[in-house]
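**Student:** Okay, here's the prediction I keep looking at, along with the sequence it came from:
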Amino acid sequence: MNNKRTKVFAGILAAAFVMAAGAGKTLAAKEENVKISRKEALEIAAEDAKVEKDEIERSRVEFEHEDGRFVYNVEFYTDKKEYDYEINAETGKILEVDFEIDREFKDASWMEDAKISEKEAQQIALEEVPGASEDDVYLELDYDDGRLLYEGEIFYDSYEYEFEINAETGDIESWEKESIWD
C-alpha cells in the first residue's frame, strides 16, 4: 500500500514538473508572437515619462503573464528618478505608472567611495555569462552591512543570475543561477 502511494505521488510530481516546464516554454514562445518588443516597451515608457534615450542610465524589461494578459514590466533610471511601468505586450497600452526620486540620491556621498565603476562591475559579471550583453544586465550600487556592493541580475538564455560584486575590490561576493521558469 505504501509503495503504491509513493508511485502515485511520484507520478503526480512528474506530471506537475512536465506541465511547469511546458508553461515556461509557452511563455517564451508567446513573447516571440506579441506585437510589442521589449525595446518598444522601453521606448513607450520613456516617451510617456518625457525622457530621452540618452538620459536613461540603466533599464530592465521583463515579460510576464499577469491577470490573463501578457505584459512588460519596465524599470529604468535617469539622473535621480526611478520609473516603473507595466505595458500591455499586445497593444502597447500603459497599464500602470510609478516613479519616485531614488532614495540613494538624497544622500549619495557614500557612492564616491566605490573604486570599481558600474561599467567595470558590469564587465566582471558579463565575464561569468558567455554570450550575455550589456542589455541583459541590471546593476545597482548599494551600501549593505558596511560594504559597498553592486547588486545585480543578468537575464540571459532562460536563466536569471543574481550576484553581488564588491565595489572596492571587484570580487564577486555572491553568485546564484536559476531557470527563469522556476
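**Tutor:** That came through, no problem. Numbers count the residues shown, from 1 in each chain.

**Student:** For Gly92, what are phi and psi?
**Tutor:** phi 80, psi 0 (degrees, to the nearest 10).

**Student:** Counting neighbours, what do you get for the residue nearest to Glu118 when sequence neighbours are not counted?
**Tutor:** Excluding the flanking residues, the one nearest Glu118 by CB to CB, 6 or more residues apart in numbering is Leu139, at 5.7 Å. In this view, the C-beta of every residue, glycine as well, is placed from N, C-alpha and C. Neighbourhood size, Leu139 [other CB atoms under 10 Å]: 21.

**Student:** What distance do you get for Leu139 to Val51?
**Tutor:** Relative to Val51, Leu139 is positioned 19 Å away (CB to CB, to the nearest Å).

**Student:** before we move on, what about Ile165?
**Tutor:** Noted for Ile165: a distance of 27 Å to Val51, by CB to CB.

**Student:** ok, now Glu153?
**Tutor:** Taken as CB to CB, the span from Glu153 to Val51 is 22 Å.

**Student:** still on that earlier bit, more neighbours: which of Ile165 and Val51?
**Tutor:** Legend: neighbour count by other CB under 10 Å for Ile165 and Val51, higher for Ile165 (26 against 18).

**Student:** who touches the helix or strand hosting that one?
**Tutor:** For Ile165, the element it lies in under DSSP states H and E is strand 159-166. The contact list for strand 159-166 (CB atoms under 8 Å, 6 or more residues apart in numbering) reads 116, 121, 124-125, 128-129, 147-155, 171-180.

**Student:** Right, I'll leave it there.
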